[in-house]
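J.: build me a model:
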Amino acid sequence: MKTSMLLPLVLLGLLAAMLAGCKKKEPPPVAPAEKPAAEPAKPAEAPTLAPPAKEEPKPAPEPTAEPAPAPPEPTTKPAEQPEAKPKPAPKPEAAPQDQPQTKAPPAAGKEKSPWADAKVGAMVKMKGMQGMIITQEVVAADAETVTIKMTMEMSGMDPTVTEQKKPRYVRAGMSPMGPAMGKEIGTETIQIGDKAIECKIWEMKTTAGEKTITTRTYFSQEVTGWMVKIESDAMGQMQTMQEIVEFRK
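T.: Numbering: from 1, shown residues only. I've put the predicted structure just below:
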């Protein structure tokens, strides 16, 4: 009994020994290499500072003279001096009665034309034979001439419009109220609207073959263009050829 119990124990011991011999022997652990000691850090060099620049002494500011205070305004205003009034020019001495003064003409050798005093906007409208209407209006003017727009209207026809320049002055003796229109034979007052216009009548005779034609023209400087009415006996008896119906200075 004792021998049979010991045999298994011996076998177990042998088996354990065999297992222990079969295990590989592990190499001894290698000690880690020692790291070289780090060199101590060099101390940082202190920066070299440049020597401070020498400040040059600034010149002392010159004293500025303060402006003198303005003198106080006087509380009382000086008395105003009266303005010297210009002396009136001496009046010219009256000419003696035996030496009458004469007015010079507008220009040497010239006299006024019917449009001498016309301004822009002046107008005259005249009625002719067979219902014709002639309107003359000043549309431009300068020192020497005036520009006149003439419109002629007749029943059943389109109006005709033209423009022409007329001088303010004409050669002496060529004015309508002068020798060019014959001779003056009298005066007559003609009513134009609400105005009574006194006119001078100039008569001129002309010859056409064996027939003598008499033409009378009525003039007045109160109307634009001076002409108020024209009469003629060219048709056998004296009748009105043209007459003014409206005007504007």
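J.: and after the helix or strand that contains C199, which helix or strand comes next?
T.: Taking DSSP states H and E as the criterion, C199 maps to strand 195-208. Once strand 195-208 ends, the next helix or strand along the chain (criterion: DSSP H and E) is strand 211-219.
J.: quick one: that next one to strand 195-208, angle?
T.: 160 degrees (axes from the mean of the first three to the mean of the last three C-alpha atoms, to 10 degrees).
J.: ok, and for strand 211-219, which residues are buried?
T.: Neighbour counts over strand 211-219 (16 or more other C-beta atoms under 10 Å) mark T215, R216, T217, Y218, F219 as buried. C-beta here means a position set from N, CA and C on the backbone, and glycine is covered the same way.
J.: what does the strand holding C199 contact?
T.: Around strand 195-208, the neighbours that count as contacts under C-beta atoms under 8 Å, 6 or more residues apart in numbering are 176-177, 181-191, 212-220, 222-223, 228-229, 234.
J.: drop anything exposed from the residues you listed.
T.: 177, 181-182, 190, 215-220, 223, 228-229.
J.: count the neighbours of the residue lying closest to G186 once chain neighbours are set aside for me.
T.: Closest residue to G186 apart from its sequence neighbours, by C-beta to C-beta, 6 or more residues apart in numbering: I201 at 5.1 Å. Neighbours of I201 under the rule other C-beta atoms under 10 Å: 18.
J.: any idea how far A116 is from I201?
T.: Distance of I201 to A116, given as C-beta to C-beta, to the nearest Å: 21 Å.
J.: the strand holding C199 pairs with which strands?
T.: Applying DSSP bridges, strand 195-208 is found paired with strand 183-192 (antiparallel), strand 211-219 (antiparallel).
J.: can you redo the ones you listed as JSON lines with mean pLDDT and distance to R171?
T.: As requested, these are exported to JSON lines (pLDDT from 0 to 100; distance: least, C-beta to C-beta, whole Å):
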{"stretch": "strand 183-192", "mean pLDDT": "95", "distance to R171": "19"}
{"stretch": "strand 211-219", "mean pLDDT": "94", "distance to R171": "18"}
